[in-house]
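Asker: need a structure here:
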Amino acid sequence: MSNARPETVQSLARGLSVIRAFSAERPEMTLAEVARQTGMTRATVRRLLFTLEALGYAKFDGKRFSLTPAVLDIGYAYLSSLDLASIAQPEMEALVDRTHESTSAAVLDGAEIVYVVRVPTKRIMTISLGLGSRLPAHATSMGRVLLADLSIDQLDAHLPQGPWPSFTAQTIVDRETLIIELQRVRDDGWALVDQELEEGVRSVAAPLRDRSGKTVAALNISSHAGRIDKGVLLNEFLPDLMQTAERINERLRRR
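Answerer: Have a look, this model is predicted:
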């Protein structure tokens, strides 16, 4: 809250912090656990949790609190305003039919990407992803496409100075190397990440742009390295991905 404007409603910010404290690792929490996760006093957390319960966003079993499906309305309000799913979904489904690999679209939120559209295959991968899933931008192809559209000042605002978390031996973790890679992404118009987020997983991504040319989202194809080699990914799947992205871009420009 240090950079908050004078008009900021602190109670709303605190309520959202309480909602964000819940996760796959913490689907249910006691009042004390929520207070510990948010750094707020128990009295404040108690008022916020019971307000969320009264509004239908949380439930209480007498000991633990958990979120309700009503919280999804907040996220779907954003997805509806973005209008990306209705535009991209048919093209993405056709792309999956042709490649038999998963495809996703994501937007940038700070140092992470957030999945806003996903068309999976039936193949099971180690990473389980769905709408709202978050991954580190520096180690993902969609993240690099989105970061490549930023100025240096904007990049500084999104990413800490580093070093960033390393997920495999291939992960780029320092700023200088990433800046060089982002320049390549700008020049080429696409990004490849080869087993940097998870061993065995490769992905390529292309930008989705609005009528002003700004990159508003990224589109990718992900595959397992043991099934699809790098040559096939770049020579067969990437051209299809780029063409699919351009068809989506044409519709975004007409909005």
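Asker: and the contacts of stretch 52-72?
Answerer: Stretch 52-72 is touched from outside by 15, 18-19, 22, 27-31, 34, 49-50, with contacts defined as Cβ atoms under 8 Å, 6 or more residues apart in numbering. No exception for glycine: its C-beta is placed from N, CA and C like everyone else's.
Asker: how far off centre is that stretch?
Answerer: Distance of stretch 52-72 from its chain centroid, counting by Cα atoms, centre = their mean, to the nearest Å, is 25 Å.
Asker: output that stretch as CSV, nothing but the C-alphas.
Answerer: What follows is stretch 52-72, C-alpha atoms only, in CSV (Å, rounded to 0.1, in the frame of the first residue of the first chain):
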residue,chain,number,x,y,z
LEU,A,52,-17.0,-12.2,2.7
GLU,A,53,-19.2,-14.9,4.2
ALA,A,54,-22.2,-12.5,4.4
LEU,A,55,-21.6,-11.6,0.7
GLY,A,56,-21.4,-15.3,-0.3
TYR,A,57,-17.7,-15.3,-1.2
ALA,A,58,-16.6,-17.4,1.8
LYS,A,59,-18.0,-20.1,4.0
PHE,A,60,-17.3,-21.1,7.6
ASP,A,61,-17.7,-24.5,9.1
GLY,A,62,-17.3,-23.4,12.7
LYS,A,63,-13.5,-23.7,12.6
ARG,A,64,-12.2,-23.1,9.1
PHE,A,65,-12.9,-20.7,6.3
SER,A,66,-12.9,-21.5,2.6
LEU,A,67,-13.8,-19.6,-0.6
THR,A,68,-17.0,-20.3,-2.5
PRO,A,69,-17.5,-20.5,-6.3
ALA,A,70,-18.9,-16.9,-6.2
VAL,A,71,-15.3,-15.7,-6.1
LEU,A,72,-15.1,-16.9,-9.8
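Asker: pLDDT (mean, whole number) over that stretch?
Answerer: On average, the pLDDT along stretch 52-72 is 92.
Asker: in it, what counts as buried?
Answerer: Neighbour-count burial for stretch 52-72 flags 52, 57-58, 65, 67 (criterion: 16 or more other Cβ atoms under 10 Å).
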